[in-house]
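Trainee: Model the structure of this input:
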Amino acid sequence: MTVLPLFLRNSLAYDVALDGRSDSHLHGETRCMLIAFRFTQSKCPNQLVHTLKKETHPCSYTLQETGVFELRVKQQGEPSLVPPAEETPGGLYYLSNLDQNIAVIVQTVYCFKADDGAGNDGSSAGDVLRESLAKVLVPYYPLAGRLTISGEGKLVVDCTGEGAVFVEAEADCAMADIGGVTEPDPSVLGKLVYSVPGAKNILEMPLLAAQVTKFKCGGFVLGLAINHCMFDGVGAMQFVNSWGETARGLPLSLPPALDRAVLRARDPPQVAFPHHEFTQVTDDGDDDDEDSSPPHGDGEPLLHRSFRFTPATIARLKALVALEEEEGGRACTTFEALAGFVWSARTRALGMGASRRSKLLFAVDGRPRFSPPLPAGYFGNAIVLTSAACAAGELAASPRRAVRLVRGAVEAVTDAYMRSAVDYFEATRARPSLASTLLITAWSRLPFRAADFGWGPPAAYGPAALPEKEVALFLSCGEEGGGGVRVLLGLPAAAMAEFERLVEEVTAP
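Mentor: The predicted structure is shown next:
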């Protein structure tokens, strides 16, 4: 059997390991940050269909099995390859150390309604999107290549020009029947994103796969499966926006800056910070000590719920912590206030022992923080993980303490810190640990509505699957939905009930 590098053998991006065994036995440091961006299809039985049911609390939604609705999607013909419309450079394309850490497939969906006023339904969507994809792959030509392993044991792109995978399909219902997208139902949305049958690892998957599914109402859904090693959320939205501009016959407003060598590790590596984001939280206390007990509900099935935090609620959270009252302080940002609250409330809901340490991980966009800043349109991952940790008892008792720690973690991300993180991976090939950790993935500021292919902004958009147990996902409610942020996470039933109670304390009028 071929021996793959550690980042492939430990990646949770696949449901089957190379030797055919499940990867669920992995734990500790191998249950790394990668699962935050996994978003692969759920293995829900076909007869069990999840639908959204609004609870008594107006900001909470839960997913329930009802067996009422099952989406049927019929693929039209075989998947095809869409190569660049013109000849593009060949050879190996360099991926930085920030790309190596998150080589997993991200699945998203964009829902477009039929434009009845202009008589422009989704019947031509397949042709428009396929033709414009070929054109946009000329400036974004690495996406038409395939991943391979360099002599250093790292991922690189072989710019073969093979192309992206493109699939057309038809659904047997109206688009409204699939329910909400911001509270994803993987048994439904997973059918709207193409997955390569039998692929065992990312070397057997295309860097980009697109599926266009037409609905009886005239609308259509674009489902994308993109390897995160090619770009982060900001870069992905730049690509989707460029694709949309191409589909509308416009020049690219922000051409990609392809040179990733600006983020090469130094030689020799210069690690100047401890990088606690890679540290595994361990319990040094007595196993019989209740103060150091693990979270309640470990091993239980997860209940996923989505909570909307309106602008008024976010303002209330900021007022509760009031960091600007401290000497030299400033008002906290929306992310700081919400991340601190979710971290504190989740820790409390899980009933972690007071002396047990809890860790928070989240990514910070390094584009404006590098010195000099990365070029506009940087095509690649420019996010760097940062972390905070605290005793669970202190964290649960003081949301202000949690917010202060979040702020400190944000402010720690400087040019020197990020260069050190790049060098740390070069020297250690380490992966961040998710033991006793909450990983927040913030999509709330990504411009999803810029994805206009000629049918206007998407009516709905979001991930195609539910986050893992260590992950909380922040999504924008959009101005059309009254603004605010929607928080999606999964917890055991008892912990979810307590988390919802804590949310009600700050969201109730």
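Trainee: doesn't Gly340 make contact with Ala402?
Mentor: Yes: taking contact to mean CB atoms under 8 Å, the distance of 3.8 Å between Ala402 and Gly340 places them in contact. For the C-beta atoms, the positions are set from N, CA and C on the backbone; glycine is no exception.
Trainee: Quick check: nearest residue in space to Glu426, chain neighbours excluded?
Mentor: For Glu426, ignoring the flanking residues on the chain, the nearest one in space by CB to CB, 6 or more residues apart in numbering is Ala265 at 3.7 Å.
Trainee: On the pLDDT front, check the one you found for me.
Mentor: In this model, Ala265 is scored at 97, pLDDT.
Trainee: With the one 4 residues further on instead?
Mentor: Pro269 is assigned a pLDDT of 97 by the prediction.
Trainee: so it sits right up against Asp423, yeah?
Mentor: Yes: at 3.6 Å, Pro269 counts as touching Asp423 under the criterion of CB under 8 Å.
Trainee: related to what we said a few turns ago, surely the residue nearest to Glu426 is within a helix?
Mentor: No: with the criterion set as DSSP: H, G, I helix; E, B strand; the rest coil, the secondary structure at Ala265 is coil rather than a helix.
Trainee: Next up, the contacts around it.
Mentor: For Ala265, the set of contacting residues under the criterion of CB atoms under 8 Å, 6 or more residues apart in numbering consists of Asn97, Val422, Asp423, Phe425, Glu426.
Trainee: check contacts around Ala472.
Mentor: Val342, Arg346, Leu438, Leu439, Ile440, Thr441, Val487, Leu488, Leu489.
Trainee: quick one: which two of these are the most distant?
Mentor: Between any two of the contacts of Ala472, the greatest separation by CB to CB is 14.1 Å, found for Arg346 and Thr441.
Trainee: Show me which of the two is the more surrounded one.
Mentor: Arg346 (25 against 21; other CB atoms under 10 Å).
Trainee: Helices of the stretch 151-300 of the chain, start to end?
Mentor: In order along the chain, the stretch 151-300 of the chain carries the following helices (DSSP state H, counting those that start in this stretch): 186-189, 233-247.
Trainee: what helices or strands is the longest one leaning on?
Mentor: Where contact means 3 or more CB pairs under 8 Å, 6 or more residues apart in numbering; DSSP states H and E, helix 233-247 is packed against helix 125-136.
Trainee: Please flag which of the contacts of Ala472 sit within strands.
Mentor: Members of the contacts of Ala472 lying in strands (criterion: DSSP state E): Leu438, Leu439, Ile440, Thr441, Val487, Leu488, Leu489.
Trainee: Take those and, keeping just the buried ones, write it as a ChimeraX select command.
Mentor: Selection command for ChimeraX covering only the buried members of those, criterion 16 or more other CB atoms under 10 Å:
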select :438,439,440,441,487,488,489
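Trainee: Wait, Ala144 touches Gly161, no?
Mentor: Yes: assessed by CB under 8 Å, Ala144 is found in contact with Gly161 at 5.3 Å.
Trainee: quick one: which of these two has more around it?
Mentor: Between Ala144 and Gly161, counted using other CB under 10 Å, the more crowded position is Ala144 (25 against 18).
Trainee: Contact partners for the more buried one?
Mentor: Taking CB under 8 Å, 6+ apart, one finds Pro83, Pro84, Thr88, Leu137, Cys159, Thr160, Gly161, Glu162, Gly163, Ala164, Leu207 in contact with Ala144.
Trainee: Just say helix, strand or coil for the second one.
Mentor: Looking back up the chat, that one is Pro84. Assigned by three-state DSSP, the conformation of Pro84 is coil.
Trainee: wouldn't it be in contact with Gly161 here?
Mentor: Yes: counting by CB under 8 Å, Pro84 does reach Gly161; the two are 6.1 Å apart.
Trainee: before we move on, the earlier item: who has more neighbours out of Pro269 and Asp423?
Mentor: Per other CB under 10 Å, whichever of Pro269 and Asp423 has more neighbours is Asp423, with 22 against 16.
Trainee: what about the helix or strand where that one lies, average pLDDT?
Mentor: Assigned by DSSP states H and E, Asp423 belongs to helix 415-428. Here the mean pLDDT over helix 415-428 is 96, rounded to a whole number.
Trainee: count of neighbours near the nearest residue to Leu258 once chain neighbours are set aside?
Mentor: Distance criterion CB to CB, 6+ apart; nearest residue to Leu258, sequence neighbours excluded, is Phe379 at 5.2 Å. Here the number of neighbours of Phe379 (other CB under 10 Å) works out to 22.
Trainee: Relative to Met418, how far out is the residue nearest to Glu426?
Mentor: 12 Å (CB to CB, to the nearest Å).
Trainee: And for Ala125?
Mentor: The span separating Ala125 from Met418 equals 40 Å under the rule CB to CB.
Trainee: Ala322 now?
Mentor: When distances are taken as CB to CB, Ala322 and Met418 turn out to be 30 Å apart.
Trainee: Which one's more surrounded, those two?
Mentor: Per other CB under 10 Å, whichever of Ala322 and Met418 has more neighbours is Met418, with 22 against 13.
Trainee: Touching, that one and Val384? I think so.
Mentor: Yes: Met418 is in contact with Val384 according to CB under 8 Å; the separation is 4.8 Å.
Trainee: joint contacts of the two?
Mentor: Shared contacts of Met418 and Val384 (CB under 8 Å, 6+ apart): Gly366.
Trainee: Could you check what's spatially nearest to Ser398, not counting adjacent residues?
Mentor: Closest residue in space to Ser398, ignoring its immediate chain neighbours: Ser344 at 7.3 Å, by CB to CB, 6+ apart.
Trainee: Next one: the one you found from Leu360, what distance?
Mentor: Taking CB to CB as the measure, Ser344 and Leu360 are separated by 10 Å.
Trainee: how about the nearest residue to Asp158, chain neighbours excluded?
Mentor: Looking at Asp158 with CB to CB, 6+ apart, the closest residue is Thr148, at 4.7 Å.
Trainee: beta partners for the one you found?
Mentor: Applying DSSP bridges to Thr148 gives these bridge partners: Val156.
Trainee: who touches it in this structure?
Mentor: With the criterion set at CB under 8 Å, 6+ apart, Thr148 makes contact with Leu92, Leu155, Val156, Val157, Asp158, Leu203.
Trainee: are any of those buried, and which?
Mentor: In terms of neighbour count (16+ other CB under 10 Å), the buried residues within the contacts of Thr148 are Leu155, Val156, Val157, Asp158, Leu203.
Trainee: want to try CSV for these, with distance to Gln238 and pLDDT as columns?
Mentor: What follows is these, written out as CSV (distance: CB to CB, whole Å; pLDDT from 0 to 100):
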residue, distance to Gln238, pLDDT
Leu155, 21, 96
Val156, 22, 98
Val157, 18, 98
Asp158, 23, 98
Leu203, 26, 94
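Trainee: wait, which of these is closest to Glu131?
Mentor: Using CB to CB, Val157 is the member of the buried ones among the contacts of Thr148 that sits closest to Glu131, with 23.8 Å.
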